[in-house]
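1. below are the sequence and a predicted model; questions follow.
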Amino acid sequence: MSKVAPELKYSAEHEWIAADGSGPSTIGVSAVAADALGDIVYVDLPEVGATVTAGEVCGEIESTKSVSDLYSPVTGVVTETNSGAIEDPAIINSDPYGAGWLFKVDVESDGPLLSAEEYAAANGGEL
């Protein structure tokens, strides 16, 4: 079973968001998604300054198995992208909740988000 970080919120499309209220929120993909994708070899992220919309495609993740759309769990302006994940996408597989984060957003509004418990129950993850 894939790990689900209990302190995060999740979208139904497998993105996570960490928001502490003190600045931009960090977004990445869950270990459930990373495990299902297999070896991630490429990631296309939104540009800094771009507006992303909750529930809309904002990039893509390519693995040795497939190409999957990346959805934004929130609406807002992208403030930073993770150059480490762009340069070495395998970090998303090895540390999806840490060094494998994808981008940060100055959030205007949340999309529909699941608690860690709800996400784990729906996707077979382990808290």
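-> Yep, that arrived. Residues are numbered from 1 along each chain as shown.
2. what about the residue nearest to residue 67 when sequence neighbours are not counted, which helix or strand?
-> Once flanking residues are discounted, residue 67 sits nearest to residue 60: 5.8 Å by C-beta to C-beta, 6 or more residues apart in numbering. Every residue, glycine included, has its C-beta placed from N, CA and C. In this structure, residue 60 sits in strand 57-63 according to DSSP states H and E.
3. adjacent strands (with direction) for that strand?
-> strand 40-44 (antiparallel), strand 67-71 (antiparallel) (DSSP bridges).
4. mind putting those strands in TSV, distance to residue 110 and mean pLDDT included?
-> Compiled in TSV, the strands paired with strand 57-63 are given as follows (distance: least, C-beta to C-beta, whole Å; pLDDT from 0 to 100):
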stretch	distance to residue 110	mean pLDDT
strand 40-44	23	98
strand 67-71	13	97
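5. and of these, who's closest to residue 115?
-> strand 67-71 (18.1 Å; C-beta to C-beta).
6. any idea how far that closest one is from the chain center?
-> Strand 67-71 sits 10 Å away from the centroid of its parent chain (C-alpha atoms, centre = their mean, to the nearest Å).
7. then stretch 43-54?
-> 12 Å.
8. now stretch 83-92
-> Distance of stretch 83-92 from the chain centroid (C-alpha atoms, centre = their mean) equals 13 Å.
9. list the contacts of residue 51.
-> Counting by C-beta atoms under 8 Å, 6 or more residues apart in numbering, residue 51 touches 75-78.
10. residue 126: which of the strands paired with strand 57-63 is closest?
-> Taking C-beta to C-beta, strand 40-44 is the member of these nearest to residue 126, at 20.6 Å.
11. any idea which helix or strand carries residue 106?
-> Using DSSP H and E, residue 106 sits within strand 103-110.
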